[in-house]
Structure formats: structure tokens, C-alpha cells
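Student: Please find the sequence and the predicted model below.
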Amino acid sequence: MNRRAVVMCGAVIVLAGTLTAAPAEAGASPAAGKVRAAKLTWTKCGTDDTPTLQCASLEVPLNHAKPHGRRITLALTRVPHTSTRFQGPLLVNPGGPGQSGLWLAGTVASGLPEKVAAQYDIIGFDPRGVGSSKPALDCKPGYFAPTRPAYVPSDPAIEKANLARAKSFADACGEKYADVLPYISTISAAKDMDSIREAVGAKKINYLGYSGGTYLGAVYGKLFPQRMRRMVLDSMVDPTTAWYDFNFTQDSGMEERFKALMAWIAKYNATYELGTDPAAIEAKWYAMRAGLARKPAGGKVGASELDDTFLAGGYGNDAWPYLARAFAAYVNDKSADHLVKEYEFYAEQTGSSNAYSIYTAIECGDAAWPRDWNQWRKDNWAMYKKAPFYTWSNAWFNAPCAFWPTKPHKPMNVANAELPPLLLFQATNDGATPYEGGVTVHRLLKGSSLVVEQGGENHTITLRGNACLDEHLASYLSDGTVPRGMGVADAVCQKTPDPKPLSTANSSTATAPPAATAVGGTRHGMHGLRG
């Protein structure tokens, strides 16, 4: 992280005085009938990057309404505080829903200024059903193995094949996890967070959530407003569109990001030799996709795998030089090597069947989806006319929800006037969680402050090197300082500059772009999945 001092970006700064409380203390006695969470036993599990990392596990009720019934296990990590000033636990979540969060404790600890990180026990966790938590859902291993049917259902056979795949996944989940699926939800995950709070002996928690983790934080705040001390939400899911309608706003956002990539490639024609007209370059891309549908590159990158690979460019423009290199090599030199490498790096992890199992379980279970495929067909073809890059890819990714075996919950109204001052971050050109969602969350969470990255194109924006954004984050976590402005945004930061093409020295060998280590990753914020 760049720790240079920066001028706060144009807003009046106020101090959230209610947030300067003493360190978190042991919680009050549990409510009648509730099983008190056991205290955690932390063991050393340090890595080269995070030598002080500790690990623990926590049992929680499968059904929080029946605390004495079946229990499941959550996996936790912690980077313990080292400062004499202790501000309590800071729970961190990278989104998804469905992404493992064990790694995030170390990432946040190293990304924050040392003196700020030292004041918190930074706690990462695998939510219920995820990763190292038990049970870990895995509905249908190999579901994303290449090559798969093309996403765009240009003929009935393609649509039939994709429908059969989606239904088979939903059926497999229902057959394997009928007893668990009803309790895989954002509300259950929020109640698990409160069990973590109790287990660490804190009256209140602090929280940093990215992407899908913003909805989790908002739900926790709605359920337990008196137990929230500080909360940061970065790149916000619009909770009023959960979840069918949300995907159409995402389709539009990703179309804009795809066109931005084409324009960037046109700017560097001297490097990529694909032309100077973005529309003509886009036509070459679609021609490449049509060819790959007939003959997959390297036997593994067909049309759908290409879509998955280039989706990374919609989540972070750090990926653009790598995607452009692969595009140019395939079109100009008939070489598939880079295309296959970038698929393996960006998209092959889409096959994380645990992460996708949790993603579908939560999204399909959190809210009702249309059960009539005719409605999906009509809506997605209408959107496809406006946003051809992502619409059908997104539709098929979520299609198991049309056949989901459990009864959906009702979406939670997260509107809240009981929380302490909290801090929101949103880029204006975020494709995965479009800007309007951030404005909506700002309106729903009274007393929140919104920091906007003007022109920002990345999904999840703090701890990525933008000094202005990171200074707001550090100030808030240090002493509760929040900006207060007169308009929609309380503070505005300038965008992180677009990347440059790879240098000649590394253009043929570089395979690991910085975006790979950024929080958020792909679809709905799921690093390594697609989210």
C-alpha cells in the first residue's frame, strides 16, 4: 500500500465521536434458550506472507432457531493485535457469496497502515458451507470442466443443453444436501458472525465487507445494530434488486467495461495491431469467439471459456494487458498459447464446485426467482440486444435458480437508521456492482458516508493502491473519521490510472497480473469463481 500522505478529497471531515469507545469487552449473558458460543482456541498457522496468522474453528447451530440441534463448524483465521490500543475484532469478508475468507485477514492486515492494523484482531472466516468449514458443499464436481456449450442459445439445441446442465446442478444439490440447503443463506451467515462475536468475547464488532460481503454486512447491521461498532462496505450490491433483477443491471455494467477494453486496445494499436476502431476490434473479438465455438483453442477454450476469461477484464482493468496480448496473439499469429494460459489463470477456477455450490445455494435461496423458463428467455433476449457480451453468460450462471429445490426466503429490507456512522466506497464505472447500487445503499443506511472513485473502473477499490481511497479507510478505522459532503458523494477521489501494455521485456512471460491478488476477483466478487 502507498502510505504517502494525501489531501482528503474535497469534503468536510467530521469525527464519529461515538466510535472512539474503549476496546470490545466480554458480551452480555446470552438470551434465554440460546447456547453460549464456546471460547475459541487459536493455534499458529502462519505463512511466509503472514507469519503471525492464527487459526481456529467454531461450532454454530445449523438452524439458529433451534440452538440445541445439529451443529456445523466454521473455519476462522486471525491476525492478532499488537498495539496497546485495542479496538476489538475486525471481521473481513471478500464477497461471493461463496468465497473463502481465510486469506483475507492477512491481506487486510498487510494492506492497512501498520499502526492501524495493529489495533485490531483482524478475523477472516469461511462462511457456512465454504472451503474449510464443515460441511463444505460440493453439489456436482466437474460442472465447469471444458469445453461446455456456448452461452448464447443461437439454436434450440444449445438452449436445451444449457437447461439440462442447470437443472442437473440444482437436482444434485437437492439430492446431496436436502438437510442443509434451507439454512445456507445470508441471514444464517449474519447470525454466524454474531456467534463469532460472542466467541471472541466482544460486545461489538467492526466489519469490512467487499462486493457480496456488503449485503452480508448490511443484513448483520439490520439484525444486530447495537452490536456494530464500525462498518466499511466496498463495491455495493443493490439489496433492493435481489437477485434476478440485479443480474440485468450487471449485464449493462459489464457491457460498458467490455467496450472500454476494446477502446483501450485501439489506443495501443502499435502494440496489439488489432486496429484503431473499437467497433472493428470488437467485431474481431466476436469472430474469434465464433471460431472457438467450432474449434476450441488447445482443446479447452471454446466460446463459453473465452467469455469466462475476458470477464476478468470487467472486474479489474489490471487484466487488460494480459487479455489483449492473448487476443492479439490468437488473431494475428494464430497462436493459442496465451489464450489458454489466461483461461487457466482467470477462468479455470470457475470450476471451484464448492464456491459455486454456495453461490447458488445463497442466491437461489435468499430470494424468489422466476420458475418459468419462458420468462428467463424473454428477459434475457431483450437484454442481449443491449448487452451481448455478458447477458447469456450471466443467465446460465444463475439458471439453477429456476429449478432450485428449496423454498426461497424473503429478501431482507436493510434500511437502517440505528447504526453508528459507517463508510461506503463505490467506483462510478464498476461493472459488477454498478454505481447506482452504492447510491441506494447510502440512502438506505442513514448516517453513512459515501466515498466515490470518480471514473473508477474496478470492482472493489480499497487496498489496491489508490492513496486517496486508502487514506479515508485508514482514518476511519483509526479514529472513526468520516467525510461529510453536500451532495450524493461525501468525498470524491480520482480514479486509479489505466494500465499500460506489458513491456517488451516481460510481454512473453508474464502470467500473473496484479488483479489476481486484489480483493473482489470475479463474478459477484468471488476471486477465482466469477462474482
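Tutor: Perfect, thanks for sending it. Numbers count the residues shown, from 1 in each chain.
Student: Next one: the residue nearest to residue 301 when sequence neighbours are not counted from residue 262, what distance?
Tutor: What sits nearest to residue 301 in space, not counting adjacent residues and going by Cβ to Cβ, 6 or more residues apart in numbering, is residue 343, at 4.8 Å. (C-beta placed from N, C-alpha, C; glycine too.) Using Cβ to Cβ, to the nearest Å, one gets 19 Å for the distance from residue 343 to residue 262.
Student: Now residue 415: closest residue in space that isn't a chain neighbour?
Tutor: Of all residues not flanking residue 415 in the chain, residue 444 sits nearest, at 4.5 Å (Cβ to Cβ, 6+ apart).
Student: Pull the number of nearby residues for that neighbour.
Tutor: Using other Cβ atoms under 10 Å, residue 444 is surrounded by 19 other residues.
Student: Summarise which helices and strands the top helix by length along the chain is packed against.
Tutor: Taking DSSP state H as the criterion, the chain has its longest helix at helix 244-267. If you count contacts as 3 or more Cβ pairs under 8 Å, 6 or more residues apart in numbering; DSSP states H and E, helix 244-267 packs onto helix 278-294, helix 303-315, helix 320-333, helix 373-384, helix 391-398, helix 435-444.
Student: again, 10 Å this time
Tutor: Applying 3 or more Cβ pairs under 10 Å, 6 or more residues apart in numbering; DSSP states H and E, one finds that helix 244-267 contacts helix 269-272, helix 278-294, helix 303-315, helix 320-333, helix 353-366, helix 373-384, helix 391-398, helix 435-444.
Student: Quick check: mean pLDDT of stretch 353-363?
Tutor: Here stretch 353-363 scores 96 as its mean pLDDT.
Student: quick thing: my sequence starts at 747, can you match it?
Tutor: Sounds good: first residue 747 from here, last item stretch 1099-1109.
Student: and the helices and strands packed on helix 990-1013 as JSON lines, adding distance to residue 842?
Tutor: Formatted as JSON lines, the helices and strands packed on helix 990-1013 follow (distance: least, Cβ to Cβ, whole Å):
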{"stretch": "helix 1015-1018", "distance to residue 842": "33"}
{"stretch": "helix 1024-1040", "distance to residue 842": "27"}
{"stretch": "helix 1049-1061", "distance to residue 842": "13"}
{"stretch": "helix 1066-1079", "distance to residue 842": "23"}
{"stretch": "helix 1099-1112", "distance to residue 842": "6"}
{"stretch": "helix 1119-1130", "distance to residue 842": "22"}
{"stretch": "helix 1137-1144", "distance to residue 842": "13"}
{"stretch": "helix 1181-1190", "distance to residue 842": "16"}
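Student: quick check, distance from stretch 1108-1122 to the centre of its chain.
Tutor: Remark: stretch 1108-1122 is offset 21 Å from the chain centroid, using Cα atoms, centre = their mean, to the nearest Å.
Student: That stretch spans what distance, first to last residue?
Tutor: Across stretch 1108-1122, the terminal residues are separated by 19 Å (Cα to Cα, to the nearest Å).
Student: Return the set of buried residues in it.
Tutor: Buried residues in stretch 1108-1122, defined by neighbour count with 16 or more other Cβ atoms under 10 Å: 1108, 1109, 1110, 1111, 1112, 1113, 1114, 1115, 1122.
Student: got a markdown table for the residues you listed, with distance to residue 823 too?
Tutor: Output for those, formatted as a markdown table (distance: Cβ to Cβ, whole Å):
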| residue | distance to residue 823 |
| --- | --- |
| 1108 | 21 |
| 1109 | 25 |
| 1110 | 28 |
| 1111 | 26 |
| 1112 | 26 |
| 1113 | 30 |
| 1114 | 35 |
| 1115 | 33 |
| 1122 | 39 |
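Student: ok, these vs residue 1046, which is closest?
Tutor: residue 1109 (27.2 Å; Cβ to Cβ).
Student: which residue packs closest to that closest one, ignoring adjacent ones?
Tutor: residue 989 (5.0 Å).
Student: Contact partners for that neighbour?
Tutor: The contact partners of residue 989, by Cβ atoms under 10 Å, 6 or more residues apart in numbering, come to 843, 961, 983, 1108-1110, 1112-1115, 1144, 1147, 1154, 1157, 1270.
Student: so which of those residues comes closest to residue 1068?
Tutor: Of all the contacts of residue 989, residue 1068 sits closest to residue 1270, with 21.8 Å by Cβ to Cβ.
Student: can you list the weak-confidence ranges in the stretch 997-1146 of the chain?
Tutor: Scanning the stretch 997-1146 of the chain with the threshold set as pLDDT under 70 gives 1095-1097.
Student: If we use 80, what do you get?
Tutor: By pLDDT under 80, the low-scoring segments of the stretch 997-1146 of the chain are 1095-1098.
Student: do the chain as well
Tutor: 747-784, 1095-1098, 1250-1277.
Student: for residue 954, what are its contacts?
Tutor: Residue 954 neighbours (Cβ under 10 Å, 6+ apart): 836-840, 850, 854, 858, 866, 868, 960, 963, 976-980, 1169, 1208-1209, 1219, 1223, 1265.
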